[in-house]
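Enquirer: please work out how this folds:
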Amino acid sequence: MAQYDYQRLESDLHIRLLQVSSLDGTATYNRSLDQVQLDLVSFPLEKCPSYTAISYTWGSPDRNHTIQVLNKTMHITATLHAALSWLLSEKYLWIDQISIKKTWKRKVSKSLLCEVSTGK
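Expert: You can find the predicted model right below:
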């Protein structure tokens, strides 16, 4: 399957949220990762919906697990993979490992990152 390809954000005041929805229109809690649709959606910071923010920087940095985002493969760490199983009841998630494309050399202010990672 093809690798997920990040699209550039419209501006420094936009963020990406992982949107969790069910494949059959029912509740997403008590589901496994293969029973939900994951999309990465861009929102202007001042108009984004409520979201849960998490950071997964502990544990092994090896990205040896995968998820499907828009039917494309995204590699994530084992700790994030385990956490996602518990967070599928959330509609929107901001996860540093997924929401930020770290290979881009774009400067983000510390105050903006603090605002985003605390869920506003």
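
Enquirer: and the strands in the protein, which stretches?
Expert: Using DSSP state E, the strands found in the chain span residues 14-22, 36-44, 52-54, 65-69, 72-76, 92-95.

Enquirer: off-centre distance for the third one?
Expert: Meaning strand 52-54. Strand 52-54 has its C-alpha centroid displaced from the chain centroid by 9 Å (CA atoms, centre = their mean, to the nearest Å).

Enquirer: likewise for the fifth one?
Expert: On the basis of CA atoms, centre = their mean, the separation between the geometric centre of strand 72-76 and that of its chain is 11 Å.

Enquirer: tell me which other helices or strands that strand touches.
Expert: In this structure, strand 72-76 makes packing contacts with strand 65-69, helix 96-99, judged by 3 or more CB pairs under 8 Å, 6 or more residues apart in numbering; DSSP states H and E. (C-beta placed from N, C-alpha, C; glycine too.)

Enquirer: circling back: now the strands of the chain in TSV, with mean pLDDT?
Expert: Output for the strands of the chain, formatted as TSV (pLDDT from 0 to 100):
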stretch	mean pLDDT
strand 14-22	91
strand 36-44	92
strand 52-54	90
strand 65-69	90
strand 72-76	91
strand 92-95	93
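
Enquirer: could I get those strands in TSV, plus columns for mean neighbour count and distance to residue 85?
Expert: Conversion of those to TSV gives the following (neighbours: other CB atoms under 10 Å; distance: least, CB to CB, whole Å):
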stretch	mean neighbour count	distance to residue 85
strand 14-22	19	11
strand 36-44	16	10
strand 52-54	17	13
strand 65-69	17	11
strand 72-76	16	12
strand 92-95	21	12
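
Enquirer: quick one on the thing from earlier: can I get the helices and strands packed on strand 72-76 in CSV with distance to residue 8?
Expert: Compiled in CSV, these are given as follows (distance: least, CB to CB, whole Å):
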stretch, distance to residue 8
strand 65-69, 16
helix 96-99, 14
